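Undergrad: here's a sequence, model it:
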Amino acid sequence: MTNGFFDSDYISGLWERAVDTLRDAKLVISPHSIANRSYYAAFYAVTALFALEGVSFKKHSQLEAAVHRDLVHTERWDARLGKNFSDLIKYRTTGDYRFNEMVSPEEAKDAIKLAFEILEAVHEAGPDIFPMPV
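TA: Numbers count the residues shown, from 1 in each chain. Just a heads-up that it's a prediction; the model follows:
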């Protein structure tokens with residue numbers, strides 16, 4: 001974890017990437033690719049939220065821990081959103097690294113929904129900074 005100042009271009013670039021990546025998730029056909037894109041949409045959105053606070057992380061596991069520690073346990077986010085983030089990691093890990101397992105079409109559909117809910121929560125934290133994705 002590092003603390004520092006992130007300029008508005010960096011933060012808005014992360015948000016734009018989050019929105020674009022969620023849009024990509026809706027366009028791909030392969031369930032494992034949908035899971036990957038859905039996770040990264042949430043990853044970029046949450047990274048933008050923490051960057052707004054001057055915080056960044058070097059590892060995905062650090063970001064996941066911060067979601068639970070700094071957002072869920074402080075009640076800034078409902079526990080459901082922390083579970084969403086963790087479920088997206090599980091889907092991505094299955095799709096990207098577990099070659100003897102597959103992301104099901106139902107899980108892929110769920111991944112898009114979970115990622116959208118995370119983007120909604122980030123939007124609600126800073127509606128002027130994070131315009132609502134469509």
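Undergrad: just the buried residues of stretch 57-69, please?
TA: For stretch 57-69, burial by neighbour count (16 or more other C-beta atoms under 10 Å) applies to 57, 63-64, 66-68. Yep, even glycine has a C-beta here, placed from its N, CA and C like the rest.
Undergrad: do you know the pLDDT at Phe5?
TA: Phe5 is assigned 65 on the pLDDT scale.
Undergrad: between the buried residues of stretch 57-69, which sits nearest Phe85?
TA: For those, the closest approach to Phe85 (C-beta to C-beta) belongs to Val67, at 4.9 Å.
Undergrad: not counting its neighbours along the chain, what's nearest the closest one?
TA: Excluding the flanking residues, the one nearest Val67 by C-beta to C-beta, 6 or more residues apart in numbering is Phe85, at 4.9 Å.
Undergrad: one step back: turn the buried residues of stretch 57-69 into a markdown table, including secondary structure, pLDDT and distance to Tyr10.
TA: Shown next, in a markdown table, are the buried residues of stretch 57-69 (DSSP: H, G, I helix; E, B strand; the rest coil; pLDDT from 0 to 100; distance: C-beta to C-beta, whole Å):
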| residue | secondary structure | pLDDT | distance to Tyr10 |
| --- | --- | --- | --- |
| Phe57 | coil | 95 | 15 |
| Leu63 | helix | 97 | 16 |
| Glu64 | helix | 98 | 21 |
| Ala66 | helix | 98 | 18 |
| Val67 | helix | 98 | 20 |
| His68 | helix | 98 | 24 |
